[in-house]
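**Student:** I would like the atomic coordinates for the input below:
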Amino acid sequence: MTVLTQPPSMGDVLKYEVNPNYTRETITLLVGTAYPVGSVLGRITASGKYKLATSGGSDGAQTAVAVLLFAVDATLADAVGLVVARGPAIVSRAALTYDASVDDAAKITTKIGQLAAAGILARDTA
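**Tutor:** Next up, the predicted model:
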């Protein structure tokens, strides 16, 4: 019997939001990578573009402010993405994807706290 495997989807990440017209935003993702669904994003202050939230730096993207709802390939050019940018919203902690610099439990906890400041709560049981 053939086993079919589906890639992660928005339903794997977003578990609750008060109103999509309020919580979601269309944003521009910085060129250079393929962003998977559930990417934890930071906003670059100078350009207003988003990239994976880093654990260091000073460009503004070190603060997690949004979660990507659909995978976006921005390897060759800036691309448009849809994010949950404010709450009340609940996302699945297990479905979140981080920058390579967010590589331990303390850094992940920091990113979760930054999302919570925007009203986006990450839950283990979601």
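
**Student:** Quick check, pLDDT for A126.
**Tutor:** Turning to A126, the model gives it a pLDDT of 51.

**Student:** Repeat that for S39.
**Tutor:** pLDDT at S39 comes out at 98.

**Student:** next one: P8
**Tutor:** At P8, the pLDDT recorded in the model is 86.

**Student:** do you know how far the nearest residue to it once chain neighbours are set aside is from N21?
**Tutor:** Sequence neighbours aside, V37 is the residue nearest to P8 in space, at 4.9 Å (criterion: C-beta to C-beta, 6 or more residues apart in numbering). Where C-beta positions appear, they are placed from N, C-alpha and C, glycine not excepted. To N21, V37 is 21 Å away according to C-beta to C-beta, to the nearest Å.

**Student:** The two: who's more crowded?
**Tutor:** V37 (22 against 7; other C-beta atoms under 10 Å).

**Student:** Torsion angles phi and psi at Y50?
**Tutor:** Dihedral pair for Y50: phi -110, psi 150, per degrees, to the nearest 10.

**Student:** same deal with G113?
**Tutor:** Dihedral angles for G113 - degrees, to the nearest 10 - are phi -70, psi -40.

**Student:** and it, how many neighbours does it have?
**Tutor:** By other C-beta under 10 Å, 11 other residues sit near G113.
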